[in-house]
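A.B. asks: with the input below, show me the fold.
(one chain, ligands or ions: 3)
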Amino acid sequence: MKTTAAIAWEANKPLTLHEVDLQGPKDNEVLIELKATGICHTDYYTWSGADPEGLFPAILGHEGAGIVLEVGKNVKSLKPGDHVIPLYTPECRECNFCLHPKTNLCQAIRTTQGQGVMPDGTSRFSLDGEPILHYMGTSTFARHTVLPEIAVAKIREDAPFDKVCYIGCGVTTGVGAVVYSAQMEAGATVAVFGLGGIGLNVIQGAKLIGARRIIGVDVDPSRAEWGRRFGMTDFVNPNDVDNVVDHIVQMTDGGVDYSFECIGNVEVMRQALECAHKGWGRSIVIGVAGAGQEISTRPFQLVTGRKWEGSAFGGARGRTDVPTIVDWYMEGKIDIDSLITHKLKHEEINKGFELLKDPSCIRSVIEY
Ligand code: NAD
Ligand code: AHE
Ligand code: ZN
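C.D. replies: Ligands and ions are numbered 1, 2, ... in the order given. Got it, this is the predicted structure:
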């Protein structure tokens, strides 16, 4: 079939819309009509050339929601008409990772996904006979996409696509980092570095589980109001204090129980670790840093009981946990609507990338 897709031809060159060819689903694959997609910083990161795995030309986008149009042979869990969210972290329920209780990082298709192709090693997208690569296994900047069955979460039909698409990455990443990765307990103290599309979701996750104190840290003073709306109890602007680590340690009588880095800045990752409480504080890296960047700290920080961890897709097992997060939204337990500050048309996708640098933007969503 033909579909319209935004193609990233090379790093830092504007995306352009094209009528591309899309091959139908092969065995164990499904064809999806996307209804909406969010634009995540990670799309921008890959487009900017900072992603060591970045490949071009590709159809970016990984935060979508839509409807199954067609299923390939052997597909058992999905049928045409199902409402779904594509998963860049699949859940095969068979690999060593899926069978291990401590990770969500299904590896069943990770190698080919990173190469921009489907599990059989080929792309379903082409233009004038030349293959165009998939991205993160999802390519939601196309009106239609093909995914392996294991990379699709079936969701309830009354959930609005233009809101729940954000559960395809940002909401799950932030809320999930608290609930699934950290498994934080009620009464905990928390520091969240970076109050953007991810950090605000960490804050609402911490509020959801009953954190006692939630300290938001951001260099942009306008983010203080955002943080408060989602449950932040204290705000720190690093530019207003001598040393942000000492400041938080003093505020909390020794440091926080949990800290989260939601920026992708390796210096801030160190700050987040070092403001975690001696003996038990855990610091969770969520931000994605550019190629060649490394983190460092004095090993003494770890010897004395702080733990440095990371979280991808919030530690969520997509086919199992994404429908639950959709329920939390539909039941009013989490707020998505107010975080979606901008709605765009497909042809405005480059504006969506520009908006990522605009302080007034938390999340942009394209509605197809
Ligand atoms: P964002 O730009 O919306 O938010 C970042 C915030 O950090 C902004 O409010 C900014 O003012 C603030 N900031 C910048 N420098 C700062 C500093 N030195 N100290 C304090 N605050 C500072 O970004 P986002 O959409 O929330 O994404 C955050 C990161 O998370 C990105 O790197 C993105 O790629 C990554 N991410 C990771 C996952 C995952 O699964 N691990 C998933 C989605 C996104
Ligand atoms: N390709 C990058 C890694 C980027 C990265 O860490 N991606 C996160 C999701 S960010 C979503 O907005 C992730 O899930 N990582 C686990 C994985 O297997 O990619 C690089 O540095 O190579
Ligand atoms: Zn993302």
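A.B. asks: okay, domains of this structure per the record?
C.D. replies: According to the domain assignment given by automatic domain parsing, the chain is divided into the following structural domains: 2-168+336-367, 171-312.
A.B. asks: span of the first one from start to end?
C.D. replies: Looking at domain 2-168+336-367, the gap from its leading to its trailing residue is 19 Å under the measure Cα to Cα, to the nearest Å.
A.B. asks: next: the last one.
C.D. replies: In terms of Cα to Cα, the two terminal residues of domain 171-312 are separated by 12 Å.
A.B. asks: what about it, near ligand 3?
C.D. replies: No: using Cβ under 5 Å from the ion, domain 171-312 stays clear of ligand 3, coming no nearer than 6.6 Å. C-beta coordinates here come from the backbone N, C-alpha and C atoms, glycine included.
A.B. asks: again, but for the first one
C.D. replies: Yes: under the criterion of Cβ under 5 Å from the ion, ligand 3 is reached by domain 2-168+336-367 at 40, 42.
A.B. asks: so does that domain get close to ligand 1?
C.D. replies: Yes: contact between domain 2-168+336-367 and ligand 1, assessed by Cβ under 6 Å from any ligand atom, occurs at 40-42, 45.
A.B. asks: quick one: the helices in this protein?
C.D. replies: 41-47, 96-99, 110-114, 161-164, 170-176, 199-209, 223-230, 244-251, 266-274, 300-303, 318-330, 349-355 (DSSP state H).
A.B. asks: determine which stretch of those helices is the most buried.
C.D. replies: Scoring the helices of the chain by mean neighbour count under mean count of other Cβ atoms under 10 Å gives helix 170-176 as the most buried, with a mean of 30.
A.B. asks: and residue 213, what does it touch?
C.D. replies: Residues counted as contacts of residue 213 (Cβ atoms under 8 Å, 6 or more residues apart in numbering) are 189-190, 233-234, 252, 256.
A.B. asks: among the residues you listed, which lie within strands?
C.D. replies: Cross-referencing those with the strands (criterion: DSSP state E) gives 189-190, 234 as the overlap.
A.B. asks: now for residue 84: which residues touch it?
C.D. replies: Going by Cβ under 8 Å, 6+ apart, residue 84 touches 30, 32, 65-68, 78, 152-155.
A.B. asks: now it: closest residue in space that isn't a chain neighbour?
C.D. replies: If the residues on either side of it in the chain are set aside, residue 84 comes closest to residue 152, at 5.0 Å by Cβ to Cβ, 6 or more residues apart in numbering.
A.B. asks: the stretch 151-300 of the chain against ligand 1: which residues are in contact?
C.D. replies: Applying Cβ under 6 Å from any ligand atom, one finds that the stretch 151-300 of the chain approaches ligand 1 through 169-170, 173, 193-199, 217-220, 223, 238, 262-265, 268, 286-288.
A.B. asks: how near is the spatially closest residue to residue 86 that is not a sequence neighbour to ligand 2?
C.D. replies: Nearest residue to residue 86 in three dimensions, chain neighbours excluded: residue 138, at 4.3 Å (Cβ to Cβ, 6+ apart). Residue 138 is 10 Å from ligand 2, where distance means Cβ to the nearest ligand atom, to the nearest Å.
A.B. asks: so what pairs up with the residue nearest to residue 84 in the strands?
C.D. replies: Beta bridges link residue 152 to residue 86, judged by DSSP bridges.
A.B. asks: quick one: contacts for it?
C.D. replies: By Cβ under 8 Å, 6+ apart, the contact list for residue 152 reads 30, 32, 68, 78, 84-87, 319.
A.B. asks: what's the ChimeraX line that selects buried ones from the residues you listed?
C.D. replies: Selecting in ChimeraX just the buried members of the contacts of residue 152, where the criterion is 16 or more other Cβ atoms under 10 Å, is done with this command:
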select :30,32,68,78,84,85,86,87,319
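A.B. asks: for burial, what's the neighbour tally of the closest residue to residue 349 other than its chain neighbours?
C.D. replies: The shortest distance from residue 349 to any non-neighbouring residue, by Cβ to Cβ, 6+ apart, is to residue 6 (4.8 Å). With neighbours defined by other Cβ atoms under 10 Å, the count for residue 6 comes to 25.
A.B. asks: any idea what residue 6 is bridged to?
C.D. replies: The bridge-partner assignment for residue 6, based on DSSP bridges, gives residue 17.
A.B. asks: can you tell me the centre-most residue of the chain?
C.D. replies: residue 169 (3.2 Å; Cα atoms, centre = their mean).
A.B. asks: report pLDDT for that residue.
C.D. replies: Looking at residue 169, its pLDDT stands at 98.
A.B. asks: phi, psi of it?
C.D. replies: In this entry, residue 169 is assigned phi and psi values of phi -150, psi -80 (degrees, to the nearest 10).
A.B. asks: who's in contact with it?
C.D. replies: When contacts are counted by Cβ under 8 Å, 6+ apart, residue 169 is found next to 38, 40, 42, 62-63, 88, 313.
A.B. asks: now with 7 Å, please.
C.D. replies: The contact partners of residue 169, by Cβ atoms under 7 Å, 6 or more residues apart in numbering, come to 38, 40, 62-63.
A.B. asks: also near ligand 2: which of those, exactly?
C.D. replies: Contacts with ligand 2 are made by residue 40 out of the contacts of residue 169, judged by Cβ under 6 Å from any ligand atom.
A.B. asks: of all the contacts of residue 169, which two lie farthest apart?
C.D. replies: Greatest spatial distance in the contacts of residue 169: 38 and 62, 8.7 Å, computed using Cβ to Cβ.
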